[in-house]
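> please work out how this folds:
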Amino acid sequence: MGMSSKGGKGQISDINVTPLVDVMLVLLVIFMVTAPLLYNGIELKLPKTTEVNKMNINREQIVLSLSELNKLYLGTKPIAYKDVVDTIKERFKSGGTNILFLRADSNISYGKVAKLMSHLKAGGINEISLITETDKN
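Residues are numbered from 1 along each chain as shown. Predicted coordinates:
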């Protein structure tokens, strides 16, 4: 197969597709494994959910609230958007915690909440838990 009949070596005119198939199968497996992970980068909870993790908010926890009028509150005190990262980091140092609890009004657009979370993460605040209300149904 592919050899001349005169005893010398001739050129092989067939393409060996085995390496091509091997590479394609590896790529297929990689895409099948990574595709679902691309959609689960941020754990989100919708404003109305069934109760998953019951939590009691207390004074030691750091709670950031975003109102329907796009105003930020740290606890019950208003805070400016530009000061939020530095203030939260100071509270982390003094409070001994590194988890921020984020509350957002259900009428706030997804984009505004995502922009706030991006701003917080860019400032080094990586552990953000979203607070939702329990659906009574």
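> in the chain, which helix or strand is least confident?
Counting by mean pLDDT, DSSP states H and E, the weakest-scoring helix or strand in the chain turns out to be strand 48-49, with a mean of 57.
> the helix or strand that that one is followed by pairs with which strands?
Of the helices and strands lying after strand 48-49 in sequence (DSSP states H and E), the nearest is strand 62-66. Take DSSP bridges as the rule and strand 62-66 pairs in its sheet with strand 72-74 (antiparallel), strand 100-104 (parallel).
> and the contacts of the helix or strand following the first one?
Note on strand 72-74: by DSSP H and E, the next helix or strand toward the C-terminus is strand 77-79. Counting contacts by CB atoms under 8 Å, 6 or more residues apart in numbering, the residues outside strand 77-79 that touch it are 64, 71-73, 87. In this view, the C-beta of every residue, glycine as well, is placed from N, C-alpha and C.
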